[in-house]
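Chemist: Give the three-dimensional model of this entry:
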Amino acid sequence: MRKIPLEKVRNIGIIAHIDAGKTTTTERMLFYTGKTYKLGEVDEGTATMDWMVQEQERGITITAACTTCSWRDCQINIIDTPGHVDFTVEVERSLKVLDGVVVIFCAVGAVEPQSETVWRQADKYSIPRIAFVNKMDRQGSDLLEVIEQMHTKLGANAAAVQLPYIQADEFKGVFDLIEKRLFLYKDELGRDYDIQMVPSEFLKEVEHYRQILLERIAEVDDSIMEEFVTGKEISVSKIKEVIRRAVINNRFVPVLCGAALRNRGVQPLLDAICDYLPSPSDRPPVKGIEPQTNEYEEIVASDDAPFCALCFKVSTDPYVGRLNYLRLYSGRLQQGQEVFNVSQRQKERITKILRMHANHQEIINEALTGDIVAVAGLKETKTGDTLCEESNLILVESIRFPEPVIQQAIEPKTKQDQERLSLALHKLEEEDPSFKVTYNQETGQTIIAGMGQLHLEIAIDRIFRDFNVEAQVGLPQVAYKETITKKVNATGKFIQQTGGKGQYGHVVIEMEPQDAPGKGISFEEKIKGGVIPREFISAVRQGVMDASRSGILGGYPVTDVRVTLVDGSYHEVDSSELAFKMAAAMAFNDGLKKASPVLLEPIMDMEIVVPEEYMGTVIGDLNSRRAKISSLAARGNVRAIRAYVPLAEVFNYATVLRSLTQGRASYTMEPSYYAEVPSHIAERIITGFTSVRF
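Modeler: The predicted model follows:
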């Protein structure tokens, strides 16, 4: 039975650049809503949401943590996401299932590289958002500069709904521009505050920025435009109603401010979440495909509709075992219920439903539309799978994950560790779709791949600690790829006669570069006249995909190639799936040799924040690392250098940067694209002499 109406449910995420204060803000939300009774601190390793040992030791968020709290009459389901780019997959899968987000910006750093990344991810899923400018207590904080950068860098229609109240260089509270009030905090914990009229000396400034706010929302909502142009007094309820509508339609971003670490401005943020962010019923219906007809259908957000949920995360609990995190788009889910996994075509049974509070679990009997819960008992369900009723099949679009850019070899120390290592790697791969495990046939090594050095470092640490495996690991290596540069035709023939039934497969394929990078391997068939029977086409496809895992230059995976099956022949007796699979692999390898293959390397989008006196030194070093400088910007008394640099050139760059700048510079980077390796460097890589700097 539903205790809280669906329109009062808020599924929100907290997203930001690393170290902007996401987890600190979430901890304050839990404290003020009464979910926790003690303030957790990230730096002290006591934050509720950073529950992993690795998170507590490093003071960063690694995995997206879910929790639920109540404010006013709303139920707020929160997912606190990591800010480090190595764990961007956690942001991606969280945004897939959320209805709204709070984007946190640092009042000093403004719009930083990872701020742009998470903003683009929110754009991809058309998620309504509000902004919270944190760290207003720090020297150099500038709310208006943050808003200006939101306009220029993010293209956001943003305006302040609050201004900071600073007295004697101390951040004391916030002005509410809508109601023309002052929230004045009186105690260190931020629980005790007065709501006062705006002091007369600030009235002119408050009125000025209130007009800017009204102008911004009038531009996107006709219902308020006439009143604004004619100078009529617009009621507070009308302004809030229009802001809510504009936020839900992704046409406006209200900007709030505060200092979470100093316990300032979090209660008005909770009010804004309730007032402006959408409920599940405010969002457009989720679209799914009816598997039998391939027709699009809309999923109605209602408890009375057929059950439909998406699994967006898998984790391993030491006591419960495998947990699947679900977002319910429609219907109800009860303990013991049988569900159907449309993606895997499997029946599954739910043994337990858990409401999660970070790593703490509360068993509940029933989950309803809009809920985000974890369930136990699912054996085959993976990240991105759709669960529904067998009598009402529907398939929700899965989640796409980025390709790994860095890899390491790992080997068990003893025979006893071999099985444990295999199990640990399987579980990690299940939990994290951006973590890949492959086996190199030529060297006999197990290779793990991820999004960055920190990503693999955490994975290896978990193998040692969580799974109690002793293993040896190699040095991190760049995950190179191979592709082709011209269109070719290739033939593969697999003929084997052994006295009895033989093998016969013959295919002709056309291979060409994809029209845009990042499309991977695509396969289509244009067979005419049945020269290859339909039942062997899937074997040809499989042969191509298998062959693409290892190229001819350095054995690296092949990408961005379009393969078209154009001709071939078969034998009525000797042809088999195996024969056509082998023939396709032979044709693919033949095509690679003809098509002028090249080596590709990952290029990183890097931003370095450096004091001006070291800028020339840093730029000189970047140029020696094949970097392309894209922009130089002033940020207070420091300079921000934006550059595209090959990953191979910036291994352990933190140590280099510290020595170049006496420890006064910092950098962030994220994978941007793959580009061709210069021929003289490619030659060294292929022959085993790498230019990677360790």
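
Chemist: Pull the number of nearby residues for V405.
Modeler: For V405, the neighbour count with other Cβ atoms under 10 Å is 25. For the C-beta atoms, the positions are set from N, CA and C on the backbone; glycine is no exception.

Chemist: quick one: what helix or strand has the spatially most central residue of the chain in it?
Modeler: Nearest to the geometric centre of the chain sits E92, at 2.5 Å (Cα atoms, centre = their mean). In this assignment (DSSP states H and E), E92 forms part of helix 88-97.

Chemist: can you give me the mean pLDDT across that helix?
Modeler: Helix 88-97 comes out with an average pLDDT of 88.

Chemist: Could you name the helices and strands sitting against that helix?
Modeler: In terms of contacts (3 or more Cβ pairs under 8 Å, 6 or more residues apart in numbering; DSSP states H and E), helix 88-97 is packed against strand 9-16, helix 113-124, strand 308-317.

Chemist: Tell me the first helix or strand C-terminal of the longest one.
Modeler: Right, helix 113-124. In the C-terminal direction from helix 113-124 (assignment by DSSP H and E), the next one is strand 129-134.

Chemist: Hmm, the residue nearest to the centre of the chain is touching I399, no?
Modeler: Yes - with contact defined as Cβ atoms under 8 Å, E92 reaches I399; the gap is 6.5 Å.

Chemist: hmm, back to that, between the helix holding E92 and strand 308-317, how many degrees?
Modeler: Calculated by axes from the mean of the first three to the mean of the last three Cα atoms, to 10 degrees, helix 88-97 forms an angle of 150 degrees with strand 308-317.

Chemist: Which residues does helix 88-97 contact?
Modeler: The set of residues external to helix 88-97 that reach it, using Cβ atoms under 8 Å, 6 or more residues apart in numbering, is 11, 13, 15, 62-64, 79, 81-82, 101, 117-118, 121-122, 124-125, 127, 310, 312-313, 327, 372, 383-384, 399-402, 432-434, 451, 670.

Chemist: Which members of those are classed as buried?
Modeler: 11, 13, 15, 62-64, 79, 81-82, 101, 117-118, 121-122, 127, 310, 312-313, 327, 372, 383-384, 399, 401, 432-434, 451, 670 (16 or more other Cβ atoms under 10 Å).

Chemist: mind showing which ranges of the stretch 551-694 of the chain have poor pLDDT?
Modeler: Scanning the stretch 551-694 of the chain for pLDDT under 70 picks out the ranges 688-694.

Chemist: For the protein, give me the ranges with low pLDDT.
Modeler: 1, 40, 42-47, 50-51, 441-443, 498-500, 688-694.

Chemist: which strand in it runs the most residues?
Modeler: strand 598-611 (DSSP state E).

Chemist: Give the buried residues for it.
Modeler: Applying 16+ other Cβ under 10 Å to strand 598-611 flags 598-610 as buried.

Chemist: by contact count, what packs against it?
Modeler: Packing partners of strand 598-611 (3+ Cβ pairs under 8 Å, 6+ apart): strand 481-483, helix 615-624, strand 638-646, helix 653-661, strand 666-676, helix 679-686.

Chemist: Tell me which of those sits most buried.
Modeler: strand 481-483 (a mean of 24; mean count of other Cβ atoms under 10 Å).

Chemist: Who are the packing partners of that strand?
Modeler: Strand 481-483 packs on strand 598-611, going by 3+ Cβ pairs under 8 Å, 6+ apart.

Chemist: Who does the strand it packs on pair with, and is each partner parallel or antiparallel?
Modeler: Using DSSP bridges, strand 598-611 pairs in its sheet with strand 481-483 (antiparallel), strand 638-646 (antiparallel), strand 666-676 (antiparallel).

Chemist: Quick one: the strands in the stretch 351-500 of the chain, in order.
Modeler: Assigned by DSSP state E, counting those that start in this stretch, the stretch 351-500 of the chain shows strands spanning 352-357, 360-364, 366-368, 372-376, 386-388, 395-396, 406-412, 436-440, 445-450, 471-473, 477-478, 481-483, 488-496.

Chemist: Looking at the ones you listed, spot the one closest to I460.
Modeler: strand 471-473 (5.7 Å; Cβ to Cβ).

Chemist: In that closest one, which residues are buried?
Modeler: 471, 473.

Chemist: next one: stretch 308-320
Modeler: 308-316, 320.

Chemist: returning to that earlier point: need the helices and strands packed on strand 598-611 in JSON lines (columns: distance to S569).
Modeler: Output for these, formatted as JSON lines (distance: least, Cβ to Cβ, whole Å):
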{"stretch": "strand 481-483", "distance to S569": "29"}
{"stretch": "helix 615-624", "distance to S569": "56"}
{"stretch": "strand 638-646", "distance to S569": "45"}
{"stretch": "helix 653-661", "distance to S569": "55"}
{"stretch": "strand 666-676", "distance to S569": "37"}
{"stretch": "helix 679-686", "distance to S569": "36"}
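
Chemist: out of those, which comes closest to Q337?
Modeler: Of all the helices and strands packed on strand 598-611, strand 666-676 comes closest under Cβ to Cβ, at 40.3 Å.
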